[in-house]
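J.: Everything below, folded, please.
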Amino acid sequence: MNPLKGIHHVTAITSSAEKNYDFFTNVLGMRLVKKTVNQDDIQTYHLFFADDKGSAGTDMTFFDFPGIQKGVHGTDEIAKTSFRVPTDAALDYWVKRFDRLAVKHTGIQTFFGKQTLSFIDFDDQQYQLISDEHNKGIASGTPWQDGPIPLEYAITGLGPVFIRIAPFDYFKEVLEKVFFFKEIAQEGNFHLFEMGEGGNGAQVVVEHNESLPRAQQGFGTVHHVAFRVDNREELDAWMERLESYRFNTSGYVNRYFFESLYARVAPQILFEFATDGPGFMGDEPYETLGEKLSLPPFLEQKREHIEKLVRPIDTVRSTKTFVKD
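T.: Numbers count the residues shown, from 1 in each chain. A predicted model of the protein is given here:
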């Protein structure tokens, strides 16, 4: 069977859909390509931020579960999400931008031979920018053409996802034997794994950590990470493989924008496997992606009820001009 192609998306939890929209739009310059609801909890927004076209491998998504408590970082969690930028020079731009906008960051660091810049948002959600300057492997996406970031510095897609785990030997065996990952480097307690074509868009960093207390999920933490497969046939093959290793799976799930499969593969670690298509332009044109409340067909008949449950958020950008600075 074909290996997993790379990171598909990362889904996290926010305390405020409004603040989340402002941060990703006006600070990070990522494009909101879909404003919808959690299909399993329709009172909860589900926002998708991605590249210019909503390409697979570029989107980070957020739930804003009403009344959820703040999460606590620790071990046994998907700990940090990376975003790819074109060059090392782009990181210098981001340092200045973060300083100007009062975004807390670590400064530029070298990690596994790549230049990186770690930072947090208003919820203490953990992020990292990573330079593609010396990167080889799966291609990234296209920066948001009309966003506020100069294109030569803008975010193009997702980079390595960090997972902090206590039972490292078990997790390493799962990654290698079940998912065909390869460990390609180690720095201290950090282990770099790769899938498919490899490179920044197809890597997972696993931190072996038995000293921290177990993480508690809430706002400011990651809910799950998804990996790319081509189509339904490959999704079914992965379902059979997971079940042959006695993992409980969700079974096939049609998310409308893509097709999915879920499995908890380690303590508190939820993996999703998602098809590259159909994508986000089936119900909205390119020019106004993410501006209306988008609902999959099976929820459309409940639109009036859903619109009463979720407060309106103005996400219109097509009538605005962003100054690139």
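J.: Val37 contacts Ile306, doesn't it?
T.: Yes: counting by C-beta atoms under 8 Å, Ile306 is a contact partner of Val37 at 6.0 Å. The C-beta positions use only the backbone N, C-alpha and C, and glycine is treated the same way.
J.: ok, the two, which is more surrounded?
T.: Neighbour count, other C-beta atoms under 10 Å: between Val37 and Ile306, Val37 has more, with 23 against 17.
J.: what's the distance between that one and Thr11?
T.: Distance, Val37 to Thr11, using C-beta to C-beta, to the nearest Å: 13 Å.
J.: Please apply the same query to Val33.
T.: Counting by C-beta to C-beta, the separation of Val33 from Thr11 is 14 Å.
J.: Same check on Pro86?
T.: For Pro86, the distance to Thr11 - C-beta to C-beta - is 25 Å.
J.: And those two? Which one has more around it.
T.: Taking neighbours as other C-beta under 10 Å, Pro86 and Thr11 compare with Thr11 leading, 21 against 18.
J.: which residues touch the helix or strand hosting that one?
T.: According to DSSP states H and E, Thr11 maps onto strand 7-13. Strand 7-13 has contacts (C-beta atoms under 8 Å, 6 or more residues apart in numbering) with 48, 56-57, 59-65, 68, 71, 78, 81, 125, 158-161, 201-202, 217-228, 258, 272-274, 276.
J.: Parallel or antiparallel, list what pairs with it.
T.: Paired with strand 7-13 in the same sheet, following DSSP bridges, are strand 59-63 (parallel), strand 222-229 (antiparallel).
J.: Mind listing what's buried along that strand?
T.: By neighbour count on 16 or more other C-beta atoms under 10 Å, the buried set for strand 7-13 is Ile7, His8, His9, Val10, Thr11, Ala12, Ile13.
J.: Quick check: Phe49 is in a strand.
T.: Yes: according to DSSP: H, G, I helix; E, B strand; the rest coil, the state of Phe49 is that of a strand.
J.: any idea how far it lies from Gly113?
T.: From Phe49 to Gly113 the distance is 28 Å (C-beta to C-beta).
J.: more crowded one of those two?
T.: The neighbour comparison of Phe49 against Gly113 (other C-beta under 10 Å) goes to Phe49, with 27 against 10.
J.: pretty sure that one is touching Lys34, no?
T.: No: the pair formed by Phe49 and Lys34 falls short of the contact definition of C-beta under 8 Å, at 9.0 Å.
J.: can you give me the mean pLDDT across the strand holding Thr11?
T.: Averaged across strand 7-13, pLDDT comes to 98.
J.: next SSE after that strand?
T.: helix 17-22.
J.: quick one: contacts of that next one?
T.: Thr14, Leu32, Tyr45, Leu47, Phe62, Asp64, Asp121, Phe122, Ile313, Thr315.
J.: Could you do stretch 99-115 as well?
T.: For stretch 99-115, the surrounding residues in contact (C-beta under 8 Å, 6+ apart) are 27, 88, 91-92, 94-95, 97-98, 116-121, 130-131, 133-135, 185, 187, 190, 192, 200, 205.
J.: Sweet, I'm off.
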